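Structure for the following, please:
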Amino acid sequence: MKKSVKILSIGLAIILLFALSACGQNGSKELSTKEVTVGVTGGPHQQIMEQVAKLAKKDGLKINLKVFNDYNTPNTALSEGSLDANSYQTLPFLKGQEKDKGYKIQDVFKTVAFPMGVYSKKIKSLKDLKKGDSIAVPNDPANELRALQLFEAAGVIKLKDGAGQGATKKDVVENKLNLQIKELNAESLPSQLDEVAAAAINTNFAMGAGLTINKDAIYHEPIKNNPYPNYFVVRTENKKDKVVKTIEKYYHSDEVKAYIAKQFGGSVVPAW
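So this is what the prediction gives:
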């Protein structure tokens, strides 16, 4: 009886060992060079990846797109394996998600940048701001620092030394005009323009309201060498996969660069 139990235990141990080995192999499986699924947010990221997919299809690579309407789900889906990659986020946002949620995902190449702009219905230049005026910034950690730095670059305010990710209006140490800084939901900023003198608005939300960097912004981030590029992201284990380099080749092609220039008129720019 004891001998039978021992044999059974050894058998179960061997089965478990093979199962764990299989899981490990599956977890590090290389992405297919024939078909992949990429998550994008609706709008420019989707439109650009559609162009990438058209180019890839000619060479036998099928890129399926899954469109999301929020910024959190695409990383969850990638981490859990229902996506092979995603294309929609800046590095500060990605690093924040990795830190907060423990995702094993990594940026592999730059895609496009969305220069943030300051918009107004009341003034034509930030030099026209008056004492006590209200200005608005996004209230999320990924974008509030960026917006405050934009106003700082324009000479409107000054942030304390070392202000980094997570900075808020409390980190403003110089505000000569005693401006009232309103922290609002990023998506609501275009509709709040009537209520403030000026607002720093993410380009995707500005575009949704019919606003463009070149025609409507009274101040904006650098268009060339923008400091907040977006990235194509995969699970860390797939960062060196052959298909990733293939997609990068199509994304960084002259055809896609020309499409971006024609379609978005400077509000979205190549970051490579």
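
The protein: strands as residue ranges?
If you assign secondary structure with DSSP state E, the strands in the chain sit at 35-41, 62-68, 85-90, 105-113, 117-119, 134-138, 158-159, 172-174, 180-184, 198-201, 219-220, 229-235, 269-270.

Deepest-packed of those strands, please.
Among these, strand 198-201 has the highest mean neighbour count (mean count of other CB atoms under 10 Å), at a mean of 28. From N, CA and C alone the C-beta is placed, and that goes for glycine too.

contacting residues around it?
Applying CB atoms under 8 Å, 6 or more residues apart in numbering, the external contacts of strand 198-201 come out as 116-120, 122-123, 126, 129, 133, 135-138, 146-147, 150-151, 184, 186, 189-190, 192-193, 211, 218.

From the chain's centroid, how far away is it?
From the chain centre to the centre of strand 198-201 is a distance of 19 Å (CA atoms, centre = their mean, to the nearest Å).

Can you tell me the strand partners of that strand and which way each runs?
Each strand that strand 198-201 pairs with, and the sense of that pairing, follows from DSSP bridges: strand 117-119 (antiparallel), strand 134-138 (parallel).

ok and the last one relative to strand 180-184, angle-wise?
The reference is to strand 134-138. 30 degrees (axes from the mean of the first three to the mean of the last three CA atoms, to 10 degrees).

Contacts for strand 134-138, please.
Residues outside strand 134-138 that contact it (CB under 8 Å, 6+ apart): 129, 143-144, 146-148, 151, 156, 169, 179-186, 189, 192, 195-202.

Report how many residues lie close to E195.
By other CB atoms under 10 Å, the residues close to E195 number 13.

Identify the residues contacting it.
Applying CB under 8 Å, 6+ apart, one finds that E195 lies in contact with S134.

How about A85?
Applying CB under 8 Å, 6+ apart to A85 gives the contacts 31, 36-39, 78, 232-234, 238, 244, 247.

Reformat these into a markdown table and put distance to V173 and pLDDT next to each item.
Rendered in a markdown table, the data for the contacts of A85 read as follows (distance: CB to CB, whole Å; pLDDT from 0 to 100):
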| residue | distance to V173 | pLDDT |
| --- | --- | --- |
| L31 | 48 | 98 |
| V36 | 48 | 98 |
| T37 | 47 | 98 |
| V38 | 43 | 98 |
| G39 | 40 | 98 |
| L78 | 39 | 98 |
| F232 | 37 | 98 |
| V233 | 35 | 98 |
| V234 | 40 | 98 |
| N238 | 44 | 98 |
| V244 | 43 | 98 |
| I247 | 44 | 98 |
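
and the residues you listed as TSV, adding distance to N86?
What follows is those, written out as TSV (distance: CB to CB, whole Å):
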residue	distance to N86
L31	13
V36	11
T37	10
V38	6
G39	4
L78	5
F232	8
V233	5
V234	8
N238	12
V244	12
I247	12
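
between those, which is nearest L94?
Distance to L94 across these (CB to CB) is lowest for V233, with 6.3 Å.

what's the spacing between the closest one and K121?
When CB to CB, to the nearest Å is applied, the distance between V233 and K121 equals 36 Å.

excluding its backbone neighbours, what's nearest K158?
Nearest-residue entry for K158: E174, 3.6 Å, with adjacent residues in sequence omitted and distances by CB to CB, 6 or more residues apart in numbering.
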